[in-house]
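Participant: sequence isn't available, so here's the structure alone:
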């Protein structure tokens, strides 16, 4: 009598709960560490005698390393398994993270942050692929929202730890405290996440080379449109959070560093909007939710043109909620819409674009901010968000599996 084929964990089961909670902590472990320096960029700039754009390289270096490593990790995960690949990456990142805070110069700091990003690349490269293989297809979008919610908590906690600790004891201890929290979150992830049942090792798959799998992941207009969402929207998102603190420290605001650190509480908007977007996509389809989320971000950016503190904060909250809603849809859609045999590569290409946008625009828009000012900076961010929406509407076909769960 043949065994019943595994079709994925479903809500209400212990394995499904463990998977979601485990991936939640995986998101915390990755993104708290990745963006911990962002809350202490002004302190890094003073300590290393650097301008804002140069100090922001502490963030861009890690995201650049992450962007360059996701394809590598997708190949490793195809060979050794999803969970072992994620565990290896987070271990490498933790070691490099502790080493980076001891760096005695900008060059060494950036080199170690690149290495840290390479290790962190395992998680985004593999997590959503693992999820798509282990969760029932009907509930994949909602489950992806749970993982993205973990990334928002990670990004928030990293900044809220490093910012106040850094202000009191120096940026190095602030970032080191965040790395320690990430190591604990990684252990919880590994203890909770259930063993893979939907994974097929590379040696038992269709004998297709990496070149063919990459071409499959690159020849779809729909997938290219989704990659563009990550590139443009993440670039805009990181730029806002990199330079808003510098803007609010200047006239007419002159806000103290501790208050600026609290602005990262706006990440909580993403913690709620991510699972909401996933659940709504299950009922309404992914494309309407993607466009609605981008529209919400555009409204938020527009409010930040007004030089009133509370209006900027409201704009930041709306912008953050919209970004994480859009990211939830786009990132979770990619492995579902990818051709058979190329899921890991398609997901990695999304994150390659995602973190390439973070690295490029996280630095380049700092030059705009420094040379042209806040309004031109916001105009560039607004144009990127609008372009993402246009690409989603005009360039993409209707990607596969954009149907309500009951449809």
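Facilitator: Received the coordinates, thanks. Fair warning: this is a prediction, and the values are worked out from it, not measured in the lab. Residues are numbered from 1 along each chain as shown.
Participant: for the stretch 1-150 of the chain, just list every one of the helices.
Facilitator: Along the stretch 1-150 of the chain, counting by DSSP state H, counting those that start in this stretch, helices occupy 14-35, 41-47, 52-55, 57-80, 82-100, 106-120, 122-134, 140-169.
Participant: most packed of these?
Facilitator: helix 122-134 (a mean of 27; mean count of other C-beta atoms under 10 Å). C-betas here are computed from N, CA, C, even on glycine.
Participant: list the contacts of the closest residue to residue 92 other than its chain neighbours.
Facilitator: Once flanking residues are discounted, residue 92 sits nearest to residue 119: 3.2 Å by C-beta to C-beta, 6 or more residues apart in numbering. Each residue near residue 119 by C-beta atoms under 8 Å, 6 or more residues apart in numbering is listed here: 69, 89, 90, 91, 92, 93, 94, 95, 96.
Participant: in JSON lines: the residues you listed, plus pLDDT and distance to residue 280.
Facilitator: Below are the contacts of residue 119 laid out as JSON lines (pLDDT from 0 to 100; distance: C-beta to C-beta, whole Å):
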{"residue": "69", "pLDDT": "89", "distance to residue 280": "32"}
{"residue": "89", "pLDDT": "93", "distance to residue 280": "31"}
{"residue": "90", "pLDDT": "89", "distance to residue 280": "31"}
{"residue": "91", "pLDDT": "90", "distance to residue 280": "36"}
{"residue": "92", "pLDDT": "94", "distance to residue 280": "36"}
{"residue": "93", "pLDDT": "94", "distance to residue 280": "33"}
{"residue": "94", "pLDDT": "92", "distance to residue 280": "35"}
{"residue": "95", "pLDDT": "93", "distance to residue 280": "40"}
{"residue": "96", "pLDDT": "95", "distance to residue 280": "38"}
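Participant: the helix or strand hosting residue 228 versus helix 140-169: what angle between them?
Facilitator: Taking DSSP states H and E as the criterion, the element that holds residue 228 is helix 221-248. Helix 221-248 runs at 20 degrees relative to helix 140-169, counting by axes from the mean of the first three to the mean of the last three C-alpha atoms, to 10 degrees.
Participant: show me what helix 221-248 is packed up against.
Facilitator: helix 41-47, helix 52-55, helix 57-80, helix 257-262, helix 286-303, helix 309-337, helix 343-372, helix 374-390 (3 or more C-beta pairs under 8 Å, 6 or more residues apart in numbering; DSSP states H and E).
Participant: pick out the shakiest of the ones you listed, pLDDT-wise.
Facilitator: With a mean of 75, helix 257-262 has the lowest mean pLDDT of the helices and strands packed on helix 221-248.
Participant: out of the helices and strands packed on helix 221-248, the one nearest residue 212 is which?
Facilitator: Nearest of the helices and strands packed on helix 221-248 to residue 212, taken as C-beta to C-beta: helix 343-372 at 9.9 Å.
Participant: looking at it, residue 38 is touching residue 240, isn't it?
Facilitator: No: with contact defined as C-beta atoms under 8 Å, residue 38 does not reach residue 240; the gap is 10.8 Å.
Participant: endpoint to endpoint, stretch 242-262 covers what distance?
Facilitator: 14 Å (C-alpha to C-alpha, to the nearest Å).
Participant: phi, psi for residue 56 please.
Facilitator: phi -70, psi -10 (degrees, to the nearest 10).
Participant: distance between the helix or strand where residue 268 lies and the chain's centre?
Facilitator: When elements are assigned from DSSP H and E, residue 268 belongs to helix 267-284. Helix 267-284 has its C-alpha centroid displaced from the chain centroid by 15 Å (C-alpha atoms, centre = their mean, to the nearest Å).
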